[in-house]
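>>> I need the structure of the sequence given here:
(2 chains)
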Protein chains: 2
Amino acid sequence: MSIQIQAVNQSFHGQTILDNINLTIEPQKIYGLLGRNGAGKSTLLNIISNRIFATSGTVTLDEDSLVDNDHTLGRLYLMSEVNLYNERTKLTKLLDVTTRFYGDFDRDYATQLAAKFELDLNARFGKLSTGYRTIFKLIVALCVPADYIFLDEPVLGLDANHRELFYQELIETYSERPRTFVISTHLIEEIANLIEHVFVLDQHQITVNGSVPDILDRSYAITGPDADVRQYTTGLNIIGQDQLGGITAHYVYGALEDDRPIPDTVKIEHLDLQKLFVNLTNHQEVAHVN
Amino acid sequence: MSIQIQAVNQSFHGQTILDNINLTIEPQKIYGLLGRNGAGKSTLLNIISNRIFATSGTVTLDEDSLVDNDHTLGRLYLMSEVNLYNERTKLTKLLDVTTRFYGDFDRDYATQLAAKFELDLNARFGKLSTGYRTIFKLIVALCVPADYIFLDEPVLGLDANHRELFYQELIETYSERPRTFVISTHLIEEIANLIEHVFVLDQHQITVNGSVPDILDRSYAITGPDADVRQYTTGLNIIGQDQLGGITAHYVYGALEDDRPIPDTVKIEHLDLQKLFVNLTNHQEVAHVN
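Okay, here's the model as predicted:
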């Protein structure tokens, strides 16, 4: 019972976009798919949901292929940044079409959500601002009866109040009807408490694949006078650094050496998820460390 | 020496979009213009930069009108969410045009920024992702020689690393050549340390206009057992609340009453800027308080 992504590769005009991606996406779990602009996140989501074909590799749901398989594809839904809707069509009409397509589309919940987000369903899609286009697409994604929902940039253009409302609604609808959400977003700190498991896609490869508590447990900021910090972190997996005056911070991902004495001048703290991500994926800076 | 916005009103099809806006924008200062989706922020920025006309009111720069005045308009630049560029034109070509238009356009800095953001200037504008379109527009905005730069949604679609890089570059370019920036963004916490002064545009009116330290100084979270909190906050300007179990938080904007005893069970802290904004502009929730 899961989505299996096996040895998926994608290239375009000789450039690698995805390099040997292997992932398991389990039922009823909330995932974060994190990656920088251009890392390949949207391509991966499009391949999983059969909108584009992988150059090689397979994607299966409960061991059935997802390529051109209407039965299994109906169990997946991708909310993407691309606007697939006709600009001149009214939102109520778009909901009618979606309801006809998905028998169990939760129209009542869609109406409730539109009221909470103050979205006028009589508006035409093309008349909506960036934020309200996102809101409409979010509402559809939360109301389709699929078991696996992929949200690509679900808060693009949303104000702080609407983002909070979306996070609350996600938690509520998930607890009422548990299903899988895979959230791809650049606002990492805001979803850090929502997601159970993280995939980091960096330079076309999966570089982190683990539970959020496990990952944060292995993420450290080691701060103090430059020489003391350098001495303590020698040989550790340093992913980044900051300097201010004579004080240095080294960011480490991975185990510390327990038997190494910690100088009194050095402070060890855990990193938050966004800071970890920024350092893991900031390749220009890592070159300067040590 | 400043931009004066006086009694500006805007309505469209009988609907009020801006209601009697009066603001002063001083030279060499960094402002935040905060507002919810649909509050009228983009309309205000378009009026200031003469892209659209106000229904009534005036906008002047050093006492000269900005309406159709090429001399004063050249001192202003608006980076907006709307894409004004031809999709098929290469970025280098777009920079050429901008350089020809603004004699003092800082082409060297633009090239440096493109390298830092890893933006390929040989790409065509239409081929860029949302994030990279924003990056290109940001680069232009940071390199034009204007004295007043308005940034409407400057981090839309940017990943966490690129957002950090932009904030750093903004501070550096500002300290090298002080000028005014007015930043309109939904990522309030990320700019809270950058901006000196805040305008909040709420339901078409300016409801907050003050320095960031002053505003945060007047913003409180009062937390404790429900009855004790209610007793302490009676008569204060409560802008929102949260409840969890028997614990209540009331959010207050404005002075506390110094001679009122604080119950031992009640904790008073300051709010951060985003939390203050969310509560100030969350009209649905305020109705439930007390």
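>>> Any residues of the stretch 51-200 of chain A in contact with chain B? List them.
Residues of the stretch 51-200 of chain A lying near chain B by Cβ under 8 Å from any Cβ of the partner chain: A:81, A:129-132, A:153, A:156-164, A:186-188. Any C-beta I mention is one placed from the backbone N, CA and C, and that applies to glycine too.
>>> Which of the residues you listed fall within strands?
Secondary structure defined by DSSP state E assigns none of these to strands.
>>> ok, which stretches of the stretch 1-150 of chain A are helices?
A:41-48, A:70-73, A:91-101, A:107-116, A:130-143 (DSSP state H, counting those that start in this stretch).
>>> In TSV, list those helices along with mean pLDDT and mean neighbour count.
Shown next, in TSV, are the helices of the stretch 1-150 of chain A (pLDDT from 0 to 100; neighbours: other Cβ atoms under 10 Å in any protein chain shown):
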stretch	mean pLDDT	mean neighbour count
helix A:41-48	95	23
helix A:70-73	80	13
helix A:91-101	92	15
helix A:107-116	97	16
helix A:130-143	95	22
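>>> export the ones you listed to TSV and tack on distance to residue B:249?
As requested, the helices of the stretch 1-150 of chain A are exported to TSV (distance: least, Cβ to Cβ, whole Å):
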stretch	distance to residue B:249
helix A:41-48	36
helix A:70-73	45
helix A:91-101	36
helix A:107-116	21
helix A:130-143	27
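>>> Between those, which one is closest to residue B:16.
helix A:130-143 (18.9 Å; Cβ to Cβ).
>>> which strands and helices sit next to the closest one?
Packed against helix A:130-143, as judged by 3 or more Cβ pairs under 8 Å, 6 or more residues apart in numbering or on different chains; DSSP states H and E, are the following elements: strand A:76-79, helix A:91-101, helix A:107-116, strand A:148-152, helix A:160-176.
>>> can you put those in JSON lines and add distance to residue A:204?
Below are the helices and strands packed on helix A:130-143 laid out as JSON lines (distance: least, Cβ to Cβ, whole Å):
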{"stretch": "strand A:76-79", "distance to residue A:204": "20"}
{"stretch": "helix A:91-101", "distance to residue A:204": "33"}
{"stretch": "helix A:107-116", "distance to residue A:204": "35"}
{"stretch": "strand A:148-152", "distance to residue A:204": "17"}
{"stretch": "helix A:160-176", "distance to residue A:204": "28"}
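>>> bridging residues for the closest residue to residue A:210 other than its chain neighbours?
Nearest residue to residue A:210 in three dimensions, chain neighbours excluded: residue A:198, at 6.5 Å (Cβ to Cβ, 6 or more residues apart in numbering or on different chains). For residue A:198, the beta-bridge partners are residue A:32, residue A:210 (DSSP bridges).
>>> Help me confirm that residue A:198 comes into contact with residue A:31.
Yes: with contact defined as Cβ atoms under 8 Å, residue A:198 reaches residue A:31; the gap is 7.2 Å.
>>> where are the low-confidence patches of chain A?
Residue ranges of chain A with pLDDT under 70: A:284-290.
>>> The closest residue to chain B within the stretch 51-200 of chain A: what's it in contact with?
For the stretch 51-200 of chain A, the residue closest to chain B is residue A:131, as judged by Cβ to the nearest Cβ, at 4.1 Å. For residue A:131, the contacting residues are A:156-159, A:162, B:37, B:186, by Cβ atoms under 8 Å, 6 or more residues apart in numbering or on different chains.
>>> Could you rerun that using 10 Å?
Each residue near residue A:131 by Cβ atoms under 10 Å, 6 or more residues apart in numbering or on different chains is listed here: A:117, A:155-159, A:162-163, B:36-38, B:81, B:153, B:156, B:186.
>>> try residue A:182
Neighbours of residue A:182 in contact, by Cβ under 10 Å, 6+ apart: A:3, A:23, A:25, A:29-33, A:41, A:44-45, A:48, A:78, A:148-152, A:195, A:197, A:199.
>>> Just the buried residues of the residues you listed.
A:3, A:23, A:25, A:29-33, A:41, A:44-45, A:48, A:78, A:148-152, A:195, A:197, A:199 (16 or more other Cβ atoms under 10 Å in any protein chain shown).
>>> So for residue A:36, what's the nearest residue that isn't a sequence neighbour?
residue B:159 (4.5 Å).
>>> Isn't that neighbour up against residue A:200?
No: the criterion here is Cβ atoms under 10 Å, and residue B:159 misses it with residue A:200 at 11.8 Å.
>>> what do these two both touch?
A:34-36, A:39, A:277, A:281.
>>> With neighbour count as added columns, please give those in CSV.
As requested, those are exported to CSV (neighbours: other Cβ atoms under 10 Å in any protein chain shown):
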residue, neighbour count
A:34, 28
A:35, 23
A:36, 25
A:39, 23
A:277, 28
A:281, 23
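>>> Just the ones of those residues in strands?
Judged by DSSP E, strands contain the following of the shared contacts of residue B:159 and residue A:200: A:34-35.
>>> Pick out the most distant pair among the shared contacts of residue B:159 and residue A:200.
A:39 and A:277 (11.0 Å).
>>> what touches both of the two?
A:200, A:202, B:159.
>>> Who wins on neighbours among those?
Across the shared contacts of residue A:39 and residue A:277, neighbour numbers were computed from other Cβ atoms under 10 Å in any protein chain shown; residue B:159 holds the maximum, 24 neighbours.
>>> Can you confirm whether stretch A:219-233 lies near chain B?
No: using Cβ under 10 Å from any Cβ of the partner chain, stretch A:219-233 never reaches chain B; the gap is at least 14.7 Å.
>>> Any buried residues in that stretch, and which?
Within stretch A:219-233, the residues that qualify as buried are A:219-224, A:228-230, A:232-233, counting by 16+ other Cβ under 10 Å.
>>> So which of those residues sit within helices?
The members of the buried residues of stretch A:219-233 that map onto helices under DSSP state H are A:228-230, A:232-233.
>>> how long is stretch A:117-131 from one end to the other?
The straight-line separation of the ends of stretch A:117-131 (Cα to Cα, to the nearest Å) is 11 Å.
>>> And that stretch, how far out from the chain middle?
Centroid separation for stretch A:117-131 versus its chain: 25 Å, with Cα atoms, centre = their mean, to the nearest Å.
>>> Only the buried residues of that stretch, if you could.
Here stretch A:117-131 shows A:117, A:119, A:121, A:125, A:128, A:130-131 as buried, counting by 16+ other Cβ under 10 Å.
>>> farthest pair in those residues?
A:121 and A:130 (18.3 Å).
>>> which residue packs closest to residue A:4, ignoring adjacent ones?
Setting aside the residues directly before and after it, residue A:4 is nearest to residue A:60 in space (Cβ to Cβ, 6+ apart), at 4.9 Å.
>>> what residues are up against that neighbour?
A:2-6, A:66-67, A:69, A:72.
>>> Residue A:62 too?
Here residue A:62 is in contact with A:1-4, A:27, A:72, A:75, A:147 (Cβ under 10 Å, 6+ apart).
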